[in-house]
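Visitor: Compute the structure for the input listed below.
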Amino acid sequence: MRLLKIFLIVSISASIYSSSNAGIGFGSKKAENRAQQELRDRVDKMVVSAEPLIQIEDSFERTLDILKEAYFQADQSNYTVGIIQSANLLADCYTVLIDYSKATSKYYIAMRHAETIGDSASMAKSFRGLGLVKFNMKQWGGAISDFNSSRDFNVLQDEDKVASLIDCLLGLSYYHLGRFEIAEQSLLNARRAAFEVGDSMRLLEIDLNLANVLVERSNAPSVLNKFDSLYEGFKQRNEKIGMCHVLIGKSRSYLKSGDNTKALNQVHEALDMTRNSTLNFPMQELLEVAVDAEYLSGNYKTSADLMRQLQELRESTLSQSTSTKVAMLSADYEFEKKEEKLNDQISEKNKQRALLIVLAVAFFLISIVIFLSLRGVAKERRRSDELLYNILPVETAKELKANGVAVAKAHNKVTIVFADVQNFTKIAGHLEPTVLVKLLDYYFIKFDQIIQHYGLEKIKTIGDAYMFVSGLNDTGSNSAINAVLAGIDMLKVLNDSKVEVQEKYGAHFNFRIGMHTGKTVSGVVGKIKYAFDIWGDSVNIAARMEAHSEPGKINITEDTYNQVKHLFTCAARGHIEVKNKGSMEMYFVETKKPSQN
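Guide: Model prediction:
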């Protein structure tokens, strides 16, 4: 959290500097009319008034309202500088609120507009923000790339403070990747910059990270003295999270030297510190060290108990990451550039071909070749479009082609469906790999045909699981109805083909299906291979419904039931305890009501 606050302070400085250089609200073309200039002045005032409020947690709601209005008015009036400033500040707010989808979208919007006017300071700020988003999501490689880009674009006056922040984050990213030599060099660079600006707290944090690197590289005995000194430094500032990090570092050092008892003492001191505290302690790191320390000390039961706590925490973290991990939008317009390059190559070949034909034959043949060449280009373009539409929803593909990016979208009422094989691991153990793949392919092709028939969207297959969603472009109740109809058809296909599949492959699969209707976010992720996906708590609930289903049955939540009960007969299962969700009402879909056509 402290890194976020430091980032915001540096970002605000960047905004002010960029604003003064870009002429925020203090100069305009003489040709602009008075009404337009007054609108831009209002945008500038809102941005300036919102900047200091970002650092005050109690003012976040008010800050967001101000910045949203500023961004809306700047966008309506095509005020580029206002768009850049308000978008970057909105992204900062969303980053602190852990709404990474909106943060990423706004950073890229600011970046694209800054690129058009050559605003390097804003480009640097946007890349820093994107890097911090990826850092928080543990995407270390992407974070490193964005931090380096930020440094390349950085033209701020307060260079030491910015350099200290970026080098510190780079060092931590390299540390998590296990590249300790580079991590150490980056942290030393950060330390020099922090020393120049007199940031004593930053120096403590950097020295702690350098000590952790030393443990991994050599674990020299002197590192324990460094940890003791750092502990006192954090203690004097009442920084309990920093104290906890020091104890974790000491524990790792003792474990590497084989002194398990001392390692265990440090672990228990850290665990005691976390009790009855509302602070955001590094519990996952602490539990990882605690599990090792207890196990190596022979306390196997305690180690197992801590391992269960660690696993629950990891599952919770994964769930949160899934619900917030959004489409990391592509900023380099790679698809569009590749298409332009292909067209240029085709055009060049056509010119060379035309020249040779001119020397050999008449003008009539040249015309024919040109016509055929142009038709070939159109055919290749259609094939490229068909491939893109096959892996992405049509609207998303069109947006990606037109803009180079596809902005993440929120959906209020969609139905998410999971189907997977009962006892898959046991069955797979008795099948040849080629037979297993062919068997899965047989079922998934059938499922593809069904969801295509109902106009639904396949998301992905995950091992033996098949995931699709209904209602991405439909705000009515049809999403749940179509999902249930598709599920019924899937079960019918499974039942009708059971004998045939058993004879052909020597085995058959029994699928169980679960679905839930609720809110979600959809978007495109990746640079090298585009992938469409959805995120949100509704996805987790749908997965839980599948886990609580039975072979050959469709298990739905109460939200889905309320959308389909007038069309389908459903059997109430009562309230069932669901992991991390508490008690939830569930229903089995039985048949379509005979009175309905």
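Visitor: What number of residues are in the vicinity of V197?
Guide: 14 (other Cβ atoms under 10 Å). Backbone N, C-alpha and C define where each C-beta goes, glycine included.
Visitor: any idea how far F509 is from D464?
Guide: Distance, D464 to F509, by Cβ to Cβ, to the nearest Å: 8 Å.
Visitor: overlap in contacts of the two?
Guide: Shared contacts of D464 and F509, defined by Cβ atoms under 8 Å, 6 or more residues apart in numbering, are found at V421, F424, L440.
Visitor: Most neighbours among those, which one is it?
Guide: Counting by other Cβ under 10 Å, V421 has the largest number of neighbours within the shared contacts of D464 and F509, with 22 neighbours.
Visitor: Please tell me I have it right and that residue contacts I513.
Guide: No - contact between V421 and I513 fails when scored by Cβ atoms under 8 Å: they sit 11.2 Å apart.
Visitor: doesn't N412 fall inside a helix?
Guide: No - the assignment for N412 (DSSP: H, G, I helix; E, B strand; the rest coil) gives strand, which keeps it out of a helix.
Visitor: So it is in contact with K519, correct?
Guide: Yes - counting by Cβ under 8 Å, N412 sits close enough to K519 to count as a contact (5.6 Å).
Visitor: The two: which has the busier surroundings?
Guide: Regarding N412 and K519, a neighbour count based on other Cβ under 10 Å identifies K519 as having more, with 12 against 9.
Visitor: I'd like to know how far the more buried one sits from W535.
Guide: From K519 over to W535 the distance is 11 Å, taken as Cβ to Cβ.
Visitor: In this structure, which strand is the longest?
Guide: When the chain is scanned for its longest strand (criterion: DSSP state E), the result is strand 511-525.
Visitor: Can you pull out the low-pLDDT segments for the stretch 201-350 of the chain?
Guide: Low-confidence segments of the stretch 201-350 of the chain, defined by pLDDT under 70, are located at 276-281, 313-350.
Visitor: those strands in it, which residues are they?
Guide: Defined through DSSP state E, counting those that start in this stretch, the strands belonging to the stretch 201-350 of the chain form an empty list.
Visitor: again, but for the stretch 401-550 of the chain
Guide: Using DSSP E, counting those that start in this stretch, the strands assigned to the stretch 401-550 of the chain run over residues 409-421, 457-462, 465-470, 511-525, 531-535.
Visitor: Quick check: buried residues in the fourth one?
Guide: In this case it means strand 511-525. Of the residues in strand 511-525, those buried by neighbour count under the rule 16 or more other Cβ atoms under 10 Å are 511-518, 520-525.
Visitor: Same check on stretch 103-115?
Guide: Within stretch 103-115, the residues scored as buried using 16+ other Cβ under 10 Å are 103-115.
Visitor: Tell me the one of the shared contacts of D464 and F509 nearest G574?
Guide: Lowest distance from G574 to the shared contacts of D464 and F509 (Cβ to Cβ) belongs to V421, with 26.2 Å.
Visitor: Where does the prediction get shaky in this structure?
Guide: Counting by pLDDT under 70, the chain has low-confidence residues at 1-33, 51-60, 154-161, 276-281, 313-408, 474-477, 525-530, 595-597.
Visitor: Can you pull the domain assignment for it?
Guide: 1-157, 219-324, 334-384, 408-592 (automatic domain parsing).
Visitor: Adding distance to S164, write those out as a markdown table.
Guide: Putting the domains of the chain into a markdown table (distance: least, Cβ to Cβ, whole Å) gives the following:
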| stretch | distance to S164 |
| --- | --- |
| domain 1-157 | 9 |
| domain 219-324 | 17 |
| domain 334-384 | 32 |
| domain 408-592 | 29 |
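Visitor: Helices of the stretch 1-150 of the chain, start to end?
Guide: 2-22, 34-50, 60-76, 80-96, 100-117, 120-136, 140-153 (DSSP state H, counting those that start in this stretch).
Visitor: Tabulate these (a markdown table), appending distance to F568.
Guide: Putting the helices of the stretch 1-150 of the chain into a markdown table (distance: least, Cβ to Cβ, whole Å) gives the following:
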| stretch | distance to F568 |
| --- | --- |
| helix 2-22 | 48 |
| helix 34-50 | 50 |
| helix 60-76 | 41 |
| helix 80-96 | 40 |
| helix 100-117 | 34 |
| helix 120-136 | 42 |
| helix 140-153 | 45 |
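Visitor: Mind checking the ones you listed for the one nearest to E500?
Guide: Nearest to E500 among these is helix 100-117; the distance by Cβ to Cβ comes to 44.5 Å.
Visitor: okay, the angle between that closest one and strand 409-421?
Guide: Helix 100-117 runs at 130 degrees relative to strand 409-421, counting by axes from the mean of the first three to the mean of the last three Cα atoms, to 10 degrees.
Visitor: counting contacts, what elements does helix 100-117 pack onto?
Guide: Using 3 or more Cβ pairs under 8 Å, 6 or more residues apart in numbering; DSSP states H and E, the elements in contact with helix 100-117 are helix 80-96, helix 120-136.
Visitor: would you turn the ones you listed into CSV with distance to D199 and mean neighbour count?
Guide: As requested, those are arranged in CSV below (distance: least, Cβ to Cβ, whole Å; neighbours: other Cβ atoms under 10 Å):
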stretch, distance to D199, mean neighbour count
helix 80-96, 20, 26
helix 120-136, 17, 25
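Visitor: Would you format those helices as CSV with distance to V213 included?
Guide: Below are the helices and strands packed on helix 100-117 laid out as CSV (distance: least, Cβ to Cβ, whole Å):
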stretch, distance to V213
helix 80-96, 26
helix 120-136, 17
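Visitor: Nearest to Y561, out of those?
Guide: Judged by Cβ to Cβ, the one of the helices and strands packed on helix 100-117 that comes nearest to Y561 is helix 80-96, at 34.1 Å.
Visitor: centre of the chain versus the closest one, how much separation?
Guide: In terms of Cα atoms, centre = their mean, to the nearest Å, the gap separating the centre of helix 80-96 from the centre of its chain is 19 Å.
Visitor: still on that earlier bit, which stretch among the helices and strands packed on helix 100-117 comes nearest L472?
Guide: In this view, the helices and strands packed on helix 100-117 are compared for proximity to L472 by Cβ to Cβ, and helix 80-96 is the closest at 22.7 Å.
Visitor: In CSV: the buried residues of stretch 103-115, plus distance to V133.
Guide: Written out in CSV, the entries for the buried residues of stretch 103-115 read as follows (distance: Cβ to Cβ, whole Å):
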residue, distance to V133
A103, 6
T104, 6
S105, 11
K106, 11
Y107, 8
Y108, 11
I109, 14
A110, 13
M111, 13
R112, 17
H113, 19
A114, 17
E115, 19
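Visitor: Looking at the shared contacts of D464 and F509, which is nearest Q266?
Guide: Using Cβ to Cβ, the shortest approach to Q266 within those belongs to F424, at 43.1 Å.
Visitor: And that closest one, how far from L436?
Guide: Relative to L436, F424 is positioned 9 Å away (criterion: Cβ to Cβ).
Visitor: and what of K106?
Guide: Taken as Cβ to Cβ, the span from K106 to L436 is 45 Å.
Visitor: related to what we said a few turns ago, from the shared contacts of D464 and F509, which is closest to L39?
Guide: Looking at the shared contacts of D464 and F509 and their distance to L39, the nearest is L440, at 58.1 Å (Cβ to Cβ).
Visitor: dump the residue contacts of the closest one.
Guide: T461, D464, F509.
Visitor: Lovely, talk soon.
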